[in-house]
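S.K.: coords below, sequence missing:
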């Protein structure tokens, strides 16, 4: 309350600077929350009305959690921050000279400081036509589309009498062996081996093949080699076939072709590449191959000290020259750092360079298995999985969501059941 | 297990009759479960892969519950009934002579007995064009569309500077004063008065108008007059304007016109009429005005003792000549009765006429208020609400769903929060 009273008194004395934050992901939300503590006017704009807890998105795609459990309305999160205004809107252009952003309906909103945190989509490199046949996983809509395809394949297999066509329906190909690909492949294997294992009368779901392609030498290549090897062992125990050094050369509605083989499948899932939000191209600086905006040590854009870029949209390096990965902890710390620098700038103090504090990273592989790298400590198996659970529950926004997710996970653990096995959307139009 | 062993032994001796159940709502699901106890081959076909607990659908439409919490996969429910086969399919035609149904892809499935339980959709009477501007509430997709429109109206009001246009965005019109209309109007009023009351910076959500139109003399007209009056008082306490004896004469994207007034609104919701599934027209008997199929006392169709119609698709009368209402308890009892009659027919025993046992009915009006008629007992207010909670939790299928719904309700009760306040789907295309 004290800060807000201070804000009010300042508001009454002179116009307060407006900080516009575009994007309500980890970077934007944490920036807005940190900015709200200062006597500033904060406007948070997003195309959706919720903050999405993206690390658990694969659990929606694999029917374990419902969308509402990993998403929380931005308004509800920021309700008590009376100096924060949340707007549902789509920023289509940035006018750096006039210091304003344009929305999809032509409305113009001016800012004193701009924080751009619009993230990234998946990229199909030179093959945009693959998007229609191999969906990626960045939004809730993406996750529901993946869920629809995975569950529908099992349903159509029940009606299919031809053995070859049925096996194609029961073949799932995940392209890309990063954390998302590993988590997806593990979760699909669990669905086939456990969740639906006794649900069909005309075939045994355990005959499903789950194949993970990684073009590099090993999966989870941002992790140390011993953790990659441990992840492969965990995936293979679940029945996932891990093919490294192999990448998709053609993806169609009924097959995936690589340098070495042709896999008949109707369910290809994309976890291979990302491309940053197109807004980054409007800042007058050259973006990198993935569309990311190079930033100064204080996370501002060269030539525009009032514009900051954070999260997956930023191309930011540690002092040792290593590129920061596109993960939630980086975005969160950048959001907080930017808020501090803006407040310093308002007060006329010098800005500070951003330093990422690496607390470690982790990925999960199905039930009761994970890998975690916490500085020199490498965890695998059950212990890593417990660590993963605790961290993800802890960072989940909203008490209600935490309780629901804990309950769903506990129930899934004892029952092998998945709480959101719904096929929604038009299945007839999309039949293979 | 004993029944199943018996079934297996009978299966091995001679071909068992095939009972085809079309539709996995209350009627079809309970019929399939009851049939599964006998040595019969049961095939349950539905267009979706889940059983929907329709009495709580309005809670999804008003962001209180997630779709996964009121839907359970048909396969999971019937997993242990090894003589039941669940098929995802859309029955497009019935060949009564050949005793087979045709699916959307041309596949033909033969039956010895057919149970038709495909329910009803909402009806716009002579105005099919109203469907695009005033969605009804029968499926999960309908509920998500309503939720999107309700939440989006509040969001767009935050961006609207014109006072008149903002008030139109903040006006919600519910057409039809049956249980669904009453429940919807009460829930929207709660959202405006409590859930989002402190979430907007540019207007006070409590200025929202919620108007309920009922063409008849009173709301909840299937209930006794004292309960209708009590429902109106509860609605008015929440701020809902109840207009009886007034019906929509025109519904467009920006207004609802009645015999007496014109209400500028962008959010009209339809809860006024139902039309039975078109499959009922393929049975060779004349359907009633709502498309319902008249049935014999044993629930079979005249001239076709092997075809049964139950639930909202059936036009069935009690011995006193009163038409049975389209509610879950009727469908459930009919499902069980049909299963018993089919088993009697297989054994060569005479069939029994269906008698509905009326345990009462109830509707809820927002937080801590409801009306219930249990034979001579009329309950209102908190007591009726508790009865409503207990009955709805008890009949919800699946232990996991029951726990999740209890938790969500308890949490909403203490926090006034709603667990699924997500706008999903393309909002830009649909902007007012």
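M.R.: Thanks, I have the structure now. This is a predicted model, so every value here is computed, not measured.
S.K.: which residues touch residue A:374?
M.R.: Residue A:374 is in contact with A:359-360, A:387, counting by Cβ atoms under 8 Å, 6 or more residues apart in numbering or on different chains. Glycine gets a C-beta too; all of them are placed from N, C-alpha and C.
S.K.: just the buried ones out of these, please.
M.R.: Neighbour counting by 16 or more other Cβ atoms under 10 Å in any protein chain shown classes residue A:387 among these as buried.
S.K.: and which of the contacts of residue A:374 is nearest residue A:27?
M.R.: Within these, the smallest distance to residue A:27 is 16.7 Å, found for residue A:359 (Cβ to Cβ).
S.K.: helix or strand for the closest one, which one?
M.R.: For residue A:359, there is no host helix or strand (DSSP states H and E).
S.K.: my guess is it contacts residue A:330, does it?
M.R.: No: using Cβ atoms under 8 Å, residue A:359 is not in contact with residue A:330; the gap is 10.7 Å.
S.K.: how about the residues of the stretch 1-150 of chain A by chain B?
M.R.: Proximity of the stretch 1-150 of chain A to chain B, by Cβ under 8 Å from any Cβ of the partner chain, involves residues A:48-50, A:66-69, A:71, A:73, A:75-76, A:79, A:82, A:85-90, A:104-105, A:107, A:140-141, A:144.
S.K.: could you list which of the residues you listed belong to helices?
M.R.: A:75-76, A:140-141, A:144 (DSSP state H).
S.K.: save these as JSON lines, and put in neighbour count too.
M.R.: Converted to JSON lines, these look like this (neighbours: other Cβ atoms under 10 Å in any protein chain shown):
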{"residue": "A:75", "neighbour count": "24"}
{"residue": "A:76", "neighbour count": "23"}
{"residue": "A:140", "neighbour count": "20"}
{"residue": "A:141", "neighbour count": "15"}
{"residue": "A:144", "neighbour count": "21"}
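S.K.: hmm, back to that, filter the residues of the stretch 1-150 of chain A next to chain B to the buried ones?
M.R.: When those are checked for burial by 16+ other Cβ under 10 Å, the buried set is A:48-50, A:66-69, A:71, A:73, A:75-76, A:79, A:85-89, A:140, A:144.
S.K.: now stretch A:56-73: average pLDDT?
M.R.: Mean pLDDT, stretch A:56-73: 92.
S.K.: got the end-to-end distance for it?
M.R.: Length of stretch A:56-73, first residue to last, Cα to Cα, to the nearest Å: 16 Å.
S.K.: same question for stretch A:341-355.
M.R.: End-to-end for stretch A:341-355, by Cα to Cα: 13 Å.
S.K.: which outside residues touch that stretch?
M.R.: A:17, A:19, A:35, A:38, A:40, A:113, A:115, A:297-300, A:305, A:308, A:316, A:318-319, A:333-334, A:337, A:340.
S.K.: out of those residues, list just those in strands.
M.R.: Counting by DSSP state E, these place A:19, A:113, A:115, A:300, A:305, A:308 in strands.
S.K.: any idea which of those residues is closest to residue B:256?
M.R.: Nearest to residue B:256 among the ones in strands among the contacts of stretch A:341-355: residue A:19, at 41.0 Å, using Cβ to Cβ.
S.K.: identify the residues contacting the closest residue to that closest one other than its chain neighbours.
M.R.: Residue nearest to residue A:19 in three dimensions, not counting chain neighbours: residue A:113, with 4.5 Å by Cβ to Cβ, 6 or more residues apart in numbering or on different chains. When contacts are counted by Cβ under 8 Å, 6+ apart, residue A:113 is found next to A:17-20, A:306-308, A:342, A:345.
S.K.: let's see that with 10 Å instead.
M.R.: By Cβ atoms under 10 Å, 6 or more residues apart in numbering or on different chains, the residues touching residue A:113 are A:17-21, A:35, A:40, A:42, A:99, A:300, A:305-308, A:338-339, A:341-343, A:345-346.
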